[in-house]
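> Following is a predicted model, sequence given first.
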Amino acid sequence: MRSARPKVLQTLAGKSLLAHVLDTADSLKPDQVTIVVGHGGEQVRAFVNGRKLVCVEQSPPRGTGDAVRCALDVAPSFSPHDVVLVLYGDVPLLQSTSLLGLVDAAHRGQFALLTQHRDAPEGYGRIVRDASGAVQAIVEHKDATEAQLAITEVNTGILAAPKAALAAQVAALDCNNAQGEFYLTDCVGQAVAAGMTITTLQPLFAWEADGVNDPLQLEALERHWQRHQAQGLMLAGVRLADASRFDLRGSIKVGTDVEIDVGCVFEGKVTLGDHVRIGAHCVVRDSVIGAHSVIKPFCHLDGAELAENCDVGPFARLRPGSALQQGAHLGNFVEIKNTILGRDSKAGHLTYLGDAIIGDRVNVGAGVITCNYDGANKHRTLIGDDAFIGSDSQLVAPVTVGAGATIAAGTTVTRNAEANALTLSRVPQRCVMTWKRPRKKPAI
């Protein structure tokens, strides 16, 4: 990967490859999850710290069979019918539906493999069958004969087996092969010799079993996954302007008649209500957008909550703790943070509102700033219903603007502004007729 991070900690769709694998494993409700770490083990251990799993180190790395042996050495017995499912940290997008069949087959005492037919099987181990179609062995690419290299059914590496049988087979492995490693795939031939039935299953989607070895493969898998998510949303009724220019890096809950333009990115947990429209090139993270709200192009929403019929943008930024009540409007180049904007209130242009509670039907003019930070602490600004905040005003918190108050343009408010009154702090305008603009000195 040409990266300081281990491969399994590279990011796909907003989370690491390993996190994808662990989340899929957790969805199967296993008794124990064991991670075998090697290169970059300290970073991996730090990443999984706090999860309920076991880490074991494989040192030196001696192949997949040895890795499974390391895991089995720390696996306690839960029942006589324990099953082991082997997954790979660089194969992130396997779906639980494709794995359940493997686990069920292993519970029936079978050795279960996830295989695929590939037009270009180079590098993959081949599934060798007898004349009746029964699996006999897996032969790694480097050890395959010319006839075996012509086989298009390949091993994905994903398998499930009864724990006791797998442990016995792993213990019997040797490293007499082209790479001098203990191949987990050799267990298949041993299982056949022991009279076990070998079951093969195919993943539902061809890209599920794709692994990641370089940034090119990572990008290709990202696009497969994004297209898959986009298709699911469109089947649910979402109108995507272009499924190839859509990114979901988390989860999204949508209502009916939702429209999403090109280039939008959704991160974390996002909820879009009925008839929501998202303009082009917006980024929405961990936010709730109420029904009939419109987000115009080039807006960033992070930790925001919008009620129904809100109108935002273009080029607006809503930071964590921002909440818009029904009918509220934020215009272009407005930034709000930890602020509640009341019903039918609006801030149309070039404004910063931080740590404020703003009432209903308030008009905030262009260039208004709530001066919420004194260099050490944040302070709150309160603005009552029906207030009018004139352009280029500064509200120096902590301060309260009463209901119905008017703040004249260009005012710096440092004390509470009375309700239903005009507050202004302008210096009288004057003209100095004798003043001369400085001139540059002539070059010598």
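It's in.
> count of neighbours near Lys346?
19 (other CB atoms under 10 Å). C-beta here means a position set from N, CA and C on the backbone, and glycine is covered the same way.
> quick one: it and Leu324 touch, right?
No: Lys346 is beyond contact range of Leu324, at 10.0 Å (criterion: CB atoms under 8 Å).
> Spit out the residues that contact those two alike.
Common contact partners of Lys346 and Leu324 (CB atoms under 8 Å, 6 or more residues apart in numbering): Leu330.
> what sits opposite Thr200 in the beta ladder?
Thr200 has these beta-bridge partners by DSSP bridges: Leu113.
> Could I get the full set of strands for the stretch 151-300 of the chain?
Counting by DSSP state E, counting those that start in this stretch, the stretch 151-300 of the chain has strands at residues 153-162, 198-201, 239-240, 246-254, 259-260, 264-272, 277-278, 283-285, 288-289, 294-295, 300-302.
> Dump the C-alpha coordinates for stretch 324-333 into PDB.
Output in PDB follows, covering the C-alpha atoms of stretch 324-333 (Å, rounded to 0.1, in the frame of the first residue of the first chain):
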ATOM      1  CA  LEU A 324     -33.000  24.800  12.600                       C
ATOM      2  CA  GLN A 325     -36.700  25.000  13.600                       C
ATOM      3  CA  GLN A 326     -39.500  24.800  11.000                       C
ATOM      4  CA  GLY A 327     -39.200  27.200   8.100                       C
ATOM      5  CA  ALA A 328     -35.800  28.600   9.100                       C
ATOM      6  CA  HIS A 329     -33.400  29.800   6.400                       C
ATOM      7  CA  LEU A 330     -29.600  30.000   6.100                       C
ATOM      8  CA  GLY A 331     -28.200  31.700   3.100                       C
ATOM      9  CA  ASN A 332     -24.900  31.800   1.300                       C
ATOM     10  CA  PHE A 333     -21.600  31.900   3.300                       C
END
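> for that stretch, the distance to its chain's centre please.
27 Å (CA atoms, centre = their mean, to the nearest Å).
> what comes into contact with it?
290, 304-316, 318, 336, 340-351, 360.
> at 7 Å instead, please
Applying CB atoms under 7 Å, 6 or more residues apart in numbering, the contact partners of stretch 324-333 are 306-316, 336, 341-350.
> among the residues you listed, which are in strands?
Mapping the contacts of stretch 324-333 onto strands (DSSP state E) picks out 306, 311-312, 336, 341, 346-350.
> For PyMOL, write the select line for the buried members of these.
Per 16 or more other CB atoms under 10 Å, the buried members of those correspond to this PyMOL selection:
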select buried, resi 306+311+312+336+341+346+347+348+349+350
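> For Lys296, state which of the ones in strands among the contacts of stretch 324-333 is nearest.
Set against Lys296, the nearest of the ones in strands among the contacts of stretch 324-333 by CB to CB is Val312 (6.5 Å).
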